[in-house]
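Visitor: attaching a predicted model along with its sequence, questions to come.
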Amino acid sequence: MTISQSGGVRAHLGEAPVTLRLSLAALMQIEQALEVSGLEALSERFRSLSATDLTCVLTALLTAGGHENAQALAQAAAPADAARAVLSCFEANLT
């Protein structure tokens, strides 16, 4: 996975190359979906994500990355690919 100058992270969901981006809008959408407020609470919440939670997070990051079919991509992703992609995006943008 690589990081672009715009904060986007290139990843693969199966065979499909995708770009994930952590924008403020995506972060806000993720906080709302997971019912948390702030990065510390989000970090704690990430320790026990359900498949539904992971799909919501991945969808928000794919949408911010410019994918019109973000929800379909997220729902079709293998759990390990989804988790790696989400983790890479957060690490690239928040460290």
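Guide: On my side now, so go ahead.
Visitor: for residue 69, see how far away residue 31 is.
Guide: 23 Å (CB to CB, to the nearest Å). All C-beta atoms are positioned from the backbone trio N, CA, C, and that covers glycine.
Visitor: more neighbours, those two?
Guide: The neighbour comparison of residue 31 against residue 69 (other CB atoms under 10 Å) goes to residue 31, with 17 against 11.
Visitor: for this protein, longest helix please?
Guide: In the chain, taking DSSP state H as the definition, the longest helix is helix 79-94.
Visitor: list the buried residues for that one?
Guide: Neighbour counts using 16 or more other CB atoms under 10 Å place 81, 82, 83, 84, 85, 86, 88, 89, 90, 92, 93 of helix 79-94 among the buried residues.
Visitor: which one among those residues gets closest to residue 57?
Guide: residue 86 (5.4 Å; CB to CB).
Visitor: please name the residues that touch that closest one.
Guide: Residue 86 makes contacts with 20, 54, 57, 58, 61, as judged by CB atoms under 8 Å, 6 or more residues apart in numbering.
Visitor: if you set the cut-off to 6 Å instead, what comes out?
Guide: Residues in contact with residue 86 (CB atoms under 6 Å, 6 or more residues apart in numbering) are 57, 58.
Visitor: that one and residue 63: what is the separation?
Guide: 13 Å.
Visitor: distance of the residue lying closest to residue 61 once chain neighbours are set aside relative to residue 37?
Guide: Once flanking residues are discounted, residue 61 sits nearest to residue 20: 3.9 Å by CB to CB, 6 or more residues apart in numbering. To residue 37, residue 20 is 22 Å away according to CB to CB.
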